[in-house]
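A.B. asks: what's the 3D shape of this:
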Amino acid sequence: MKKWLLIAALAISTSMVSTAFALDRTVIADKAEDVTPILIGSSAPNVTVKTSDGSPVSLKALYMQKPTVVIFYRGGWCPYCSRQLAELKSIEQNLVDEGYQVLAISPESPSRLQEQKLETEFAVTLISDDSLAAIRGFGVGFYVPNDTRKLYKDRMNVELTADTSERAVLPAPAIFILDQQGKVQFSYVNPDYSVRPSADLVLSAAKLVKKES
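C.D. replies: Presented below is the predicted three-dimensional model:
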């Protein structure tokens, strides 16, 4: 019961997206506010992603190893994402003690992930989803307007990943907690990239999921 109360509180405190069951959740949304993430109780997609050294790996093979905290972030260039990952470092040992692994997924290429050097500082596995398979499968992707894409390129030298239509895609910042069967036990998705859950909230959610599993 506590887990569901926590989830309800999150839904009230954030600008959550539509939960209509008829929607195709693998479609890239036209804007962040329209993303349609997979729901609690759903199965995580079995897609191929890449580790930071460029090796392909099945996402299912990873989450079958142990309960998993999946973090979708925009990239190492995003100060809000960097701040979130830095804060999560404060609870890394707690998550490990609870039996979790942490996968941080972004649309950046493996070479860009290596530049971040987070894996030497933090017990997190950086995952490249430059094919956008996971972002699409979890239903958190949206198209970036061309003027915003150009702004990132001109001011930050950031080349956003594009899909087959050559439109740039980013994930809405999101956290999913999966059990070893790949079932979603907790989710937090907020289209406002400047708002992230606190590390304490993530740890509380992880502990409640573990307790009730």
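
A.B. asks: residues near the residue nearest to G139 when sequence neighbours are not counted, how many?
C.D. replies: Closest residue to G139 apart from its sequence neighbours, by C-beta to C-beta, 6 or more residues apart in numbering: R25 at 3.6 Å. Glycine gets a C-beta too; all of them are placed from N, C-alpha and C. For R25, the neighbour count with other C-beta atoms under 10 Å is 19.

A.B. asks: in a helix, R25, correct?
C.D. replies: No: per DSSP: H, G, I helix; E, B strand; the rest coil, R25 lies outside any helix segment and is coil.

A.B. asks: so for it, what's the pLDDT?
C.D. replies: The model reports R25 with a pLDDT of 76.

A.B. asks: next one: Q114
C.D. replies: 82.

A.B. asks: check L5 too.
C.D. replies: 40.

A.B. asks: just the mean pLDDT for the longest helix seen in the chain, thanks.
C.D. replies: Secondary structure of the chain per DSSP state H: the longest helix is helix 199-212. Averaged across helix 199-212, pLDDT comes to 94.

A.B. asks: can you pull the buried residues of it?
C.D. replies: Residues 199, 201-210 are the ones in helix 199-212 that count as buried (16 or more other C-beta atoms under 10 Å).

A.B. asks: pick the one among the residues you listed closest to G54.
C.D. replies: V202 (28.5 Å; C-beta to C-beta).

A.B. asks: what residues are up against that closest one?
C.D. replies: For V202, the contact set (C-beta atoms under 8 Å, 6 or more residues apart in numbering) comprises 69, 88, 91, 175.

A.B. asks: one more time with 10 Å
C.D. replies: When contacts are counted by C-beta atoms under 10 Å, 6 or more residues apart in numbering, V202 touches 69, 71, 84, 87-88, 91, 94-95, 102, 175, 177, 186, 188, 196.

A.B. asks: do the same with S90
C.D. replies: 198-200, 203.

A.B. asks: grab the nearest non-local neighbour of V144.
C.D. replies: A168 (4.2 Å).

A.B. asks: what number of residues lie near that neighbour?
C.D. replies: 21.

A.B. asks: so the residue sitting furthest away from the middle of the chain, which of the three states?
C.D. replies: Most distant residue from the mean C-alpha position of the chain: D154, 25.9 Å away (C-alpha atoms, centre = their mean). At D154 the chain is in helix, as set by three-state DSSP.

A.B. asks: numbering from 21 from now on, please.
C.D. replies: Fine by me, first position is 21 from now on; the one you just mentioned is D174.
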